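In: Sequence first, predicted model second:
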Amino acid sequence: MSLKDQITADMKAAMRAHEAARLSTIRLLMAAIKQKEVDERIVADDAAIQQIIAKLIKQRRDSVEQYRA
């Protein structure tokens, strides 16, 4: 099972469990993946998805640091 399939399955599980925070996070990730695929006209593989996840985590950590400062 690819990483993209796993994320999609997690999104469906979050919908069924009515977990709003988890669902919105997964949707944000899916949107970032789709944006990269459209911008670069590629199909994101596991390595590309891991890079996207790392980038999003870094952005959130930087936002927290700026908020605290």
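Out: Noted; the coordinates are in hand.
In: Which helix or strand contains residue 34?
Out: helix 20-40 (DSSP states H and E).
In: For that helix, which helices and strands make contact with it?
Out: Judged by 3 or more CB pairs under 8 Å, 6 or more residues apart in numbering; DSSP states H and E, helix 20-40 is in contact with helix 3-17, helix 46-68. C-beta here means a position set from N, CA and C on the backbone, and glycine is covered the same way.
In: can you give me how far the first one is from the chain middle?
Out: Meaning helix 3-17. Between the centre of helix 3-17 and the centre of its host chain there is 11 Å, according to CA atoms, centre = their mean, to the nearest Å.
In: what angle do it and helix 46-68 make?
Out: Angle of helix 3-17 versus helix 46-68, following axes from the mean of the first three to the mean of the last three CA atoms, to 10 degrees, is 60 degrees.
In: buried stuff in helix 3-17?
Out: 3-4, 7, 10-11, 14 (16 or more other CB atoms under 10 Å).
In: about what we covered before: going by neighbour count, list what's buried in the helix holding residue 34.
Out: Within helix 20-40, the residues that qualify as buried are 23, 25-26, 29, 32-33, 36, counting by 16+ other CB under 10 Å.
In: ok, so of the residues you listed, who is nearest residue 62?
Out: residue 32 (15.6 Å; CB to CB).
In: Could I get the contacting residues of the closest one?
Out: When contacts are counted by CB atoms under 8 Å, 6 or more residues apart in numbering, residue 32 is found next to 52, 55-56.
In: Where neighbours are concerned, which of these has the most?
Out: residue 52 (17 neighbours; other CB atoms under 10 Å).
In: show me the contacts for that residue.
Out: By CB under 8 Å, 6+ apart, residue 52 lies in contact with 29, 32-33, 36, 44.
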